[in-house]
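Undergrad: need a structure here:
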Amino acid sequence: MVTSVQFIHSYWAYLVLLVVLLATINALAGFFSKREYSAKDFRISLFALIVTHIQLLIGLVLYFVSPMGLQNITKLGMGEVMKNSQFRLYAVEHPFVMILTVVFITIGYSKHKKKLLSNGKFKTLAIFYTIALVLMLSRIPWGQWF
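TA: Numbering: from 1, shown residues only. Model prediction:
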């Protein structure tokens, strides 16, 4: 089961990264070009929200069933996990930063809906989605991916 969940989490992550990158670029382009916010822009930002939330759910399942997640902390203790950079990445840093990523995307999406003008919508999405993208890129376990 762990292998299946890890496989899904790893490959879904490619989609998440692609969609969040697309949504961020779309928001930045819309803000700087001063174009009108359209249904297409809404769908792109919504899709980024959806795929990140699905990834969060898959990641939470993986965190509780994987030997590198919570089991590692309960087996070795937090002190030992924090001393080892690989254990710390998988058990603490990656989950915490990815939860922050989802929080920023959720806040950005929620706040942009309340804005009335296109420029305000794009600005809100651009700020929050860019922060989320930078956070996401900072804690992807690149060694596992390639």
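
Undergrad: now the helices for this structure?
TA: Under the criterion DSSP state H, the chain contains helices at 2-33, 39-65, 70-76, 78-83, 85-88, 94-114, 118-138, 142-145.

Undergrad: For the residue nearest the centre of the chain, give me its contacts.
TA: Closest residue to the average C-alpha location of the chain: Thr101 at 4.4 Å, with CA atoms, centre = their mean. Contacts for Thr101 (CB atoms under 8 Å, 6 or more residues apart in numbering) come out as Thr52, Ala132, Leu135, Met136. In this view, the C-beta of every residue, glycine as well, is placed from N, C-alpha and C.

Undergrad: do you know how far the second one is from Ala23?
TA: As judged by CB to CB, to the nearest Å, Ala132 and Ala23 stand 9 Å apart.

Undergrad: In terms of neighbours, single out the busier of these two.
TA: Higher neighbour count among Ala132 and Ala23: Ala23, with 29 against 25, using other CB atoms under 10 Å.

Undergrad: For the residue lying closest to the more buried one once chain neighbours are set aside, grab the count of nearby residues.
TA: Distances taken as CB to CB, 6 or more residues apart in numbering put Ala48 closest to Ala23, at 3.8 Å, once the chain neighbours are dropped. As a burial measure, Ala48 scores 27 neighbours (other CB under 10 Å).

Undergrad: what pLDDT does Ala48 get?
TA: Looking at Ala48, its pLDDT stands at 98.

Undergrad: Identify the residues contacting the lowest-mean-pLDDT helix or strand in the chain?
TA: Using mean pLDDT, DSSP states H and E, the weakest-scoring helix or strand in the chain turns out to be helix 142-145, at a mean of 73. Contact partners of helix 142-145, identified using CB under 8 Å, 6+ apart, comprise Ser10, Ala13.
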